[in-house]
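Asks: I would like to see how this sequence folds:
(2 chains)
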There are 2 protein chains.
Amino acid sequence: MQASTETQVQPPYLLFLGDVTDITDAKTAAGIKQWRGELCGGQLRLPGGTVDLGLPDLTLTQAVERGIKTMIIGIANDGGFIAENWIASIIGALEAGLDVASGLHERLGDVPAIAAAAKRTGRQLIEVRQPENIFKPGSGKKRSGKRLLTVGTDCAVGKKYTALAIEKELRKRGVKADFRATGQTGIFISGRGVAIDSVVADFISGAAEWLSPENTPDHWDVVEGQGSLFHPSYAGVTLGLVHGTQPDAMVVCHDARRSTLMGDYDFPIPNFHTCIDTYVAAARLTNPRARVVGISLNTSHLKDDREARQLLEVTARETSLPCCDPIRFGVGEIVDNLLRQT
Amino acid sequence: MQASTETQVQPPYLLFLGDVTDITDAKTAAGIKQWRGELCGGQLRLPGGTVDLGLPDLTLTQAVERGIKTMIIGIANDGGFIAENWIASIIGALEAGLDVASGLHERLGDVPAIAAAAKRTGRQLIEVRQPENIFKPGSGKKRSGKRLLTVGTDCAVGKKYTALAIEKELRKRGVKADFRATGQTGIFISGRGVAIDSVVADFISGAAEWLSPENTPDHWDVVEGQGSLFHPSYAGVTLGLVHGTQPDAMVVCHDARRSTLMGDYDFPIPNFHTCIDTYVAAARLTNPRARVVGISLNTSHLKDDREARQLLEVTARETSLPCCDPIRFGVGEIVDNLLRQT
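Replies: Coordinates of the predicted model:
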């Protein structure tokens, strides 16, 4: 058996951006700023870093003076390791009196100098990627309450953003809804969740069941998807998450620029019909009523809104489903369809 | 990143059977006895235990007198935990001078009394389910050499047995072949492997790639399958294993008695055509030439061989594939077809 996390990270936050030069590498910090901007008091950048979230650049001393409680490592690098040149800042933060929180695979506490500094200063190291609860294999048993899962044609296509936007829209309409985080950024944003890619493989679907427990019949859990069934690295995580969530509804997320998988992969992204059929077939194992209720499209490569609207309309016709760009126009039509169909 | 194991377990073995009353719960012990019977010196059962592997029942003192070196926990229970009533025997084994090996999820060393006894006696605790190598996410990159993966309509349908029988048959015919273990029993039998259900979820396909590395073009890795794409608890592990193995050939394993999933599940087992199509569609993501080359059927519920042969013939006609019961008649026809088609 094995573990989750109901993280307690004390705001306000100082977002540590290291020396990153590409916003994609700072997507954890960017997500926290986007959805919990009111909790972010500043950013800390190293020489060479060009990513700017528009927060005040603070030294550690200034951060403490302004009442900041926690420095969050805002970087999502490949492999999830702690870079050598971050260590001085992390130790400095602890010595200045801040807690330090990280969602990397590598543990802060596994770097001896950081562990020693935490002990010396009595400050906390918070590792949100390290599950602590006891999980069991999934049971496949039906639970009351309703669940929506965002799924992807690829990784990093807006599954978290779409889920957060749907939670917000449902609540605006007076529908009971909770965002359920499955990755480090989502956990920082919502203050709880399970880093599903970090649980022991046998317990993926069990952890997903734990994450979206029994609820009242009119309540929606809006679960953040991970990976893609079409990705050769991460499809196992995705399938376990689909089976454990038992979604009544899914939203397929896609980045309109991509025709092959992001990164160093020579794999084509299948068309929407194949994606929809594959996700529905997988989900129906544990929920025969599973269906796709909309398409979430990232159209950020298109300059003007008219072009973006055209692409959404074409995609809506192709799939016979409402198609939204959540950042550009919101998720209203998807939520309309969700409430009509379920 | 995360881990594997190239286990060193010293024979001869004493197989610990606890108080199990169903041979399915003792499948680790049964597999070791079946394939490495020459290394098994005896069995140890607790009051109430009715499973009998036909080995001498030994006390710990008798085991030591007969030169036994290691007690293996031969039980595969749900959740992989150490039962309260085993602890005295485990401590007793250490005190008698034996090492103790386990393939459970729960670590022997995490039970304080067992850890203390190991320290006190200087004996070893060997945890084969605890990966120690560094893994990475799967790359999806093609490797030279050929790979066969056994896959299942359900869990515990003979995937390991089938893989071991195919390795044996290939070697008998002078074909280079290696069994690749992915579970605790397979690791005990072959002395190496990765407990694929115990790696961190993000690294399932990466661990499978590591397990069946680049090889000469005429070499077969015969990889032990895990779980089933149709099982709500374990399908994620199965999918990652399929993607990472990149099988050229698959053999679908089935227990002819079952029409629903084993255990406390209300899930039907799909027909062979659906199984074959689903596994082939999944495998083609990383190997477009993936195909199913045979059906392995457990016919142990049928009393006489004539009836068993009839069922195999019916299944062969239904699927247009060679159909074997490896325990009853061997896997000759499947290997014929494998060598003809690949």
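
Asks: can you pull the contacts of the residue in the stretch 1-150 of chain A positioned nearest to chain B?
Replies: Among the residues of the stretch 1-150 of chain A, residue A:140 lies closest to chain B, at 3.2 Å counting by C-beta to the nearest C-beta. For the C-beta atoms, the positions are set from N, CA and C on the backbone; glycine is no exception. Contacts for residue A:140 were tallied using C-beta atoms under 8 Å, 6 or more residues apart in numbering or on different chains; they are A:205, A:243, A:285-286, B:232-233, B:265-267.

Asks: Most neighbours out of the residues you listed, which is it?
Replies: Of the contacts of residue A:140, residue A:205 is surrounded by the most neighbours, 32 neighbours in total, counting by other C-beta atoms under 10 Å in any protein chain shown.

Asks: where along chain A do the strands fall?
Replies: Using DSSP state E, the strands found in chain A span residues A:13-18, A:40-45, A:70-73, A:99-102, A:125-127, A:146-152, A:177-180, A:220-223, A:249-255, A:291-298, A:323-324.

Asks: any bit of the fifth one sitting next to chain B?
Replies: No - on the criterion C-beta under 8 Å from any C-beta of the partner chain, strand A:125-127 is out of touch with chain B, staying 13.8 Å away.

Asks: That strand - contacts with which helices or strands?
Replies: Applying 3 or more C-beta pairs under 8 Å, 6 or more residues apart in numbering or on different chains; DSSP states H and E, one finds that strand A:125-127 makes contact with strand A:99-102, helix A:112-121.

Asks: what about that strand, average pLDDT?
Replies: The average pLDDT for strand A:125-127 rounds to 93.

Asks: Next: the longest one.
Replies: Confidence over strand A:291-298, taken as the mean pLDDT, stands at 98.

Asks: ranges for the helices of the stretch 101-250 of chain A?
Replies: A:112-121, A:159-172, A:184-190, A:204-211, A:235-245 (DSSP state H, counting those that start in this stretch).

Asks: What does the pLDDT read for the residue of the stretch 1-150 of chain A closest to chain B?
Replies: 95.

Asks: go on, residue A:198?
Replies: pLDDT recorded at residue A:198 is 89.

Asks: The nearest residue to it once chain neighbours are set aside and residue A:181: what is the separation?
Replies: Spatial nearest neighbour of residue A:198, chain neighbours left out: residue A:129 (5.0 Å); criterion: C-beta to C-beta, 6 or more residues apart in numbering or on different chains. Look at residue A:129 and residue A:181: by C-beta to C-beta, to the nearest Å, they are 12 Å apart.

Asks: cool, residue A:89 as well?
Replies: Distance from residue A:89 to residue A:181, by C-beta to C-beta: 26 Å.

Asks: can you check residue A:199 too?
Replies: Distance, residue A:199 to residue A:181, using C-beta to C-beta: 14 Å.

Asks: pretty sure residue A:127 contacts residue A:105?
Replies: No - Residue A:127 lies out of contact with residue A:105 (C-beta atoms under 8 Å); the separation is 9.7 Å.

Asks: check contacts around the closest residue in space to the residue of the stretch 1-150 of chain A closest to chain B that isn't next to it in sequence.
Replies: Spatial nearest neighbour of residue A:140, chain neighbours left out: residue B:232 (3.2 Å); criterion: C-beta to C-beta, 6+ apart. Going by C-beta under 8 Å, 6+ apart, residue B:232 touches A:138-140, A:205, A:243-244, A:285-286, B:265, B:267.

Asks: hang on, the earlier thing: weakest of the helices of the stretch 101-250 of chain A in terms of mean pLDDT?
Replies: Lowest mean pLDDT of the helices of the stretch 101-250 of chain A: helix A:184-190, a mean of 92.

Asks: Count the residues that sit near the closest residue to residue A:149 other than its chain neighbours.
Replies: Nearest residue to residue A:149 in three dimensions, chain neighbours excluded: residue A:247, at 4.0 Å (C-beta to C-beta, 6+ apart). The number of residues packed near residue A:247 is 32, by other C-beta under 10 Å.

Asks: how much space between residue A:247 and residue B:201?
Replies: Relative to residue B:201, and taking C-beta to C-beta, residue A:247 is found at 19 Å.

Asks: and the nearest residue to residue A:73 once chain neighbours are set aside, what are its bridge partners?
Replies: Excluding the flanking residues, the one nearest residue A:73 by C-beta to C-beta, 6+ apart is residue A:102, at 4.3 Å. Note on residue A:102: beta-bridge partners residue A:127, judged by DSSP bridges.

Asks: mind checking pLDDT for the residue nearest to residue A:140?
Replies: 95.

Asks: now swap in residue A:7 and tell me
Replies: Taking residue A:7 on its own, its pLDDT is 56.

Asks: about what we covered before: if I pick the residue nearest to residue A:73, what's in contact with it?
Replies: Neighbouring residues of residue A:102 by C-beta under 8 Å, 6+ apart: A:72-73, A:82, A:108, A:125-129.

Asks: The same query, at a cut-off of 7 Å, please.
Replies: Residues near residue A:102 by C-beta atoms under 7 Å, 6 or more residues apart in numbering or on different chains: A:73, A:108, A:127.

Asks: Most neighbours of all those, which one?
Replies: Greatest neighbour count in the contacts of residue A:102, by other C-beta under 10 Å, goes to residue A:73: 27 neighbours.

Asks: And the residue nearest to residue A:140, its phi and psi?
Replies: When read as degrees, to the nearest 10, the backbone of residue B:232 gives phi -70, psi -20.

Asks: neighbours of the residue nearest to residue A:143 when sequence neighbours are not counted, just the number please.
Replies: Nearest residue to residue A:143, sequence neighbours excluded (C-beta to C-beta, 6+ apart): residue A:214, at 4.4 Å. Residue A:214 has 11 neighbouring residues, counting by other C-beta under 10 Å.

Asks: Quick check: residue A:214 touching residue A:142?
Replies: No - counting by C-beta atoms under 7 Å, residue A:214 stays clear of residue A:142, with 9.6 Å between them.

Asks: Around chain B, pick out the residues from the stretch 101-250 of chain A.
Replies: A:105, A:136-138, A:140, A:196-202, A:204-206, A:230, A:232-237, A:239-240, A:243 (C-beta under 7 Å from any C-beta of the partner chain).

Asks: repeat that with 6 Å
Replies: A:136-138, A:140, A:197-202, A:204-205, A:232-233, A:235-237, A:239-240, A:243 (C-beta under 6 Å from any C-beta of the partner chain).

Asks: wait, residue A:227 sits on residue A:237?
Replies: Yes - Residue A:227 is within contact range of residue A:237, at 5.0 Å (criterion: C-beta atoms under 6 Å).
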